[in-house]
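K.L.:
have a look at this fold, sequence not included:
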């Protein structure tokens, strides 16, 4: 009864912090639970996870509380390629053998690794468990045997032994975080604290939300100015607005990349070594020797890129988009004309509402397809899997959101309708999103879950942990990012039509920051967050959108009626627009190349890390030779080797 | 009298190979020559180059012959980051301490390093010479003193002490190379042998020429087929031709990248470490500690990118192109109409000839400006300097060549004239190039230089070396590459106008391979060639051109008269063309992303090299700790350290 013992003397500690909760299935007997706790506590050389486990209040309860000893944490930090503060004041890739030169690594694990990192390490140790031989799980029927090199945790989850595995909240830290984050009128977010508590992938989202919101200030002011003091002719306003927003989007994205790389350095994720780590649990392949690392692990010799090129891209993506585009084009077209004539003003927003509901349903269906296709692509790294999955869903979702607007802009060529629809979508989308994301979970939480969760101070610790498991799982950052991407789309693709877009988005985002923060802190279970060096595929999505915006803005300028009425023939106007479009794309490409993606000092730090590992290769050989000669010297002189 | 002595016992060798010739200025006295030989022969810790020097037949002669001892070569090979064959059969980054595990490194320098590499190493050792203290050069006037950390070789060259430094031909190898290269009807080129003799940057040019020529076969056959059996309507032929050439160019460039990375692995240049080496001799800056490598060297804290963005791009590039574009547009326009009416057929080619001569003159003037601007940008690495210089000159040269054709295509919109001009340019350019590149140097060589160069077998070796210095210096690969780029431009930008382009280019290139080979072997001095991992900026130039070709081809299709006569309004036709253009660019981008830039096995080898250096960082710490404990053990037991 109590925490499992550690074999390593340096890891023995009085004060063990509960980090992760494993909720067992309902029919798991005490025999199985004891076996599981032994497995989790066993050293890695015996096929265990080298973690600390606690059976909860009694041996028959359905939870196991996990923590990690110091050595497991340090070794995993090296394996992940985390950078930590070195004794010379730089961030360096952490190295277990050199641990004494890293700040806090000896005595203060809480300061050395962030809470999110410690919790993620436990998850990755569990995910990495593989059976060392064929094995029957005690207390289970015979069809649940583990075969050699099976992934244990996956098998246990599918067999219903393990229900949920999730990181525990630290109530003291959470209270402090929420105070500095969303309960007051803070102008900035405590990003370092978010990184410490929720991990770098979550922190990057909030950092981008923050940066993007501030950068909306400039277009918001310009839009307001244009709307209020429209002394210029409307067509020249359109041109100014369009050219401004096209260049603005590139500059913002380039500056974001610089900020992102700076934060990646601060948070120690500049040098992640996922490529060289074990493959993710879902990775399928024959066991063999990895030619890169020399380790025995599943290998996949098939051409993944070929699958993506031949199966994923043509079979799924393109046809689906074109079908939906067509579908929308016809149905919503009719819908719109009918309804407008019937109810006119009052039901102006109805098509938008219908559209959003419809959209959400389709997106859910598509996600299932995307998930299994990405599984089939069999990615080796978790981040690569996530990026490919995200890319699929995001392109689809994006088309889903924008099909109507594109249809109105490119086929109906009706600018006033576009303006009306854009304004209604802007408002409705924000309202619907805030409702589905925060209000509904809040109400569900208070009405359904809260009554069962009456907490008092005298409750044992375990009951509080069990209460956290009644919260729903955090749905992930996809919905949050796509919301920003759609916003960014409204702004950059159609901004010249509706100059107040930026202002509306700015107001929305100031509240969005707070509602997103409240949501992740209070309404859901704490999510696991892998260390991340940047926004991943979202970065690319925003950049692509910024280039697509040139095409759409030039087209919208072409449609503007004042331009049509000029002295030029319509063919020449089109040619002019094409010329302007190509020039703007050229300027954007130049800006992109000329603004360096990382500040100079970060580049130097990164190169220094790379140089050190290059030098090390040579130094290592020299030291090996020295060792050999020392050993020979010992032998020749019959001195005992220390 | 004879070769200087080496201090290192392992480097003593009977058979010293003359590698590089230094030609001294006319007024250099024997005292200065003796000082120079001593400097070259001195070890690196004393500020010398650690090379072998030979004063030629007598101490007062104006040449010094150089060679390199084994240890200097090996250390430099490590410094450059060359990969060599390891004992396990892989290519690995060479490491001096681990030299015994690399094939041929112990006994056979000729097999271990290629001739080009050995010669380049000597040049880089000379270029790296820096004065360790203020120093008067013996035998020279007082205003030629060296200051602390001055670059010695640069100073000697500007003071006229050193005239030329160039690598010597190896007549046996040269004869063998020329036999397997251009004297017969070889279908392929001996690329590995070229790499061994001339170095990887030259070998990459010939490899690309080879690959590109073979890839012309497909468009040549298609063009021939279209011209001979034009059963289809001309407009559909145009469309087929255009779409084919647009996709062809992307696929060819992607396949080339894969071939290029494979060759880079074979030639051991996959892992060059130029970033971490000493800065190039022309690099200006205050002396300081490099934050990346920790070495004392000139540092440049200014924002280089800022200079490029603010000075180079706008001040030089864009205005010049627009001025020339305008200039051409008007002058050649008039020229053409006048002349065509006067002499019509017979003088059809005159404007083209004039244009080419004019073009060449302008290009020479522009090169001077580009050179000094790139100096001003102050690049740290030689390759970066070369790439920026090349990029500047190449964009200019390209506009210079294509201004007329663009003018005819986009402003005059006269497809028949474009076809006529393209055909004449195609033929004239090839003739002029072959003449200026090979025929004229050949005649000059035979008429002017050869009479002074009567060689007999009994001549002393030094006379033969001296004869090589009468040859002109090799003008570099710029002219060769730009010729290919212009060809590629004719083919991809305007191919739908003149389907026989590919066939003409194919015939030209088969002879081009041989004339280029003859030229570099016989008509010029052997050039120094730095190790290179790819074509550098030329790669990008070809890829950019392949994207620009979509714009020009779609435009030319738009101009085709059959399309104009259809049932659609001209505005709708333009919009159609724009849509097709955008779709094609999308397809090309997708192809580019989906075809991996390196074959799977090369990616694994590269990642293995990266993994090894990452592992080494950790191994090194472990070995250091072992060493420390051993030393302590020695001390505690009073055992003498070996």
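P.N.:
Good, I have the coordinates. This structure is a prediction, so every number in the text was calculated from the model and none was measured.

K.L.:
please count neighbours and contacts with C-alpha atoms only from this point.
P.N.:
OK.

K.L.:
residue in the stretch 451-600 of chain A nearest to chain B?
P.N.:
Across the stretch 451-600 of chain A, no residue is closer to chain B than residue A:571, which sits at 4.7 Å (Cα to the nearest Cα).

K.L.:
tally of neighbours for that residue?
P.N.:
Using other Cα atoms under 10 Å in any protein chain shown, residue A:571 has 16 neighbouring residues.

K.L.:
so it is in contact with residue B:574, correct?
P.N.:
Yes - taking contacts as Cα atoms under 8 Å, residue A:571 lies within contact range of residue B:574: 7.2 Å.

K.L.:
residues making contact with stretch A:4-12?
P.N.:
A:37, A:41, A:43, A:50, A:52-54, A:69-71 (Cα atoms under 8 Å, 6 or more residues apart in numbering or on different chains).

K.L.:
list only those of those residues flagged as buried.
P.N.:
A:37, A:41, A:43, A:50, A:52-54, A:69-71 (16 or more other Cα atoms under 10 Å in any protein chain shown).

K.L.:
okay, and which of those residues map to strands?
P.N.:
Members of those lying in strands (criterion: DSSP state E): A:52-54.

K.L.:
which of these sits closest to residue A:30?
P.N.:
residue A:54 (13.4 Å; Cα to Cα).

K.L.:
for residue A:295, give me its contacts.
P.N.:
residue A:289.

K.L.:
how close does it get to chain B?
P.N.:
12 Å (Cα to the nearest Cα, to the nearest Å).

K.L.:
with adjacent residues omitted, what lies nearest to the one residue in the stretch 151-300 of chain A that gets nearest to chain B?
P.N.:
Of all residues in the stretch 151-300 of chain A, residue A:292 sits closest to chain B, at 4.1 Å by Cα to the nearest Cα. Nearest residue to residue A:292, sequence neighbours excluded (Cα to Cα, 6 or more residues apart in numbering or on different chains): residue B:608, at 4.1 Å.

K.L.:
in the helix or strand containing residue A:166, what counts as buried?
P.N.:
Assigned by DSSP states H and E, residue A:166 falls within strand A:162-167. Residues A:162-163, A:165-167 are the ones in strand A:162-167 that count as buried (16+ other Cα under 10 Å).

K.L.:
identify the bridge partners of the residue lying closest to residue A:92 once chain neighbours are set aside.
P.N.:
Closest residue to residue A:92 apart from its sequence neighbours, by Cα to Cα, 6+ apart: residue A:83 at 4.9 Å. Taking DSSP bridges, one obtains residue A:93 as the residues bridged to residue A:83.

K.L.:
OK, contacts around residue A:83?
P.N.:
A:91-94, A:265, A:267-271.

K.L.:
switch to 10 Å and redo it
P.N.:
A:77, A:90-95, A:102, A:264-272, A:609 (Cα atoms under 10 Å, 6 or more residues apart in numbering or on different chains).

K.L.:
just residue A:127 next, same as before
P.N.:
A:49, A:121, A:151-154, A:280-282.

K.L.:
of the residues you listed, closest to residue A:62?
P.N.:
The closest of these to residue A:62 turns out to be residue A:153 (Cα to Cα; 16.5 Å).

K.L.:
count of neighbours near the closest one?
P.N.:
20.

K.L.:
list the buried residues of whichever strand or helix holds it.
P.N.:
Here residue A:153 sits within helix A:152-158, counting by DSSP H and E. For helix A:152-158, the neighbour count (16+ other Cα under 10 Å) marks A:152-156 as buried.

K.L.:
might you report the residue contacts of the residue nearest to residue A:174 when sequence neighbours are not counted?
P.N.:
Residue nearest to residue A:174 in three dimensions, not counting chain neighbours: residue A:521, with 7.2 Å by Cα to Cα, 6+ apart. For residue A:521, the contact set (Cα under 10 Å, 6+ apart) comprises A:169, A:174-175, A:177-178, A:198, A:474, A:515.
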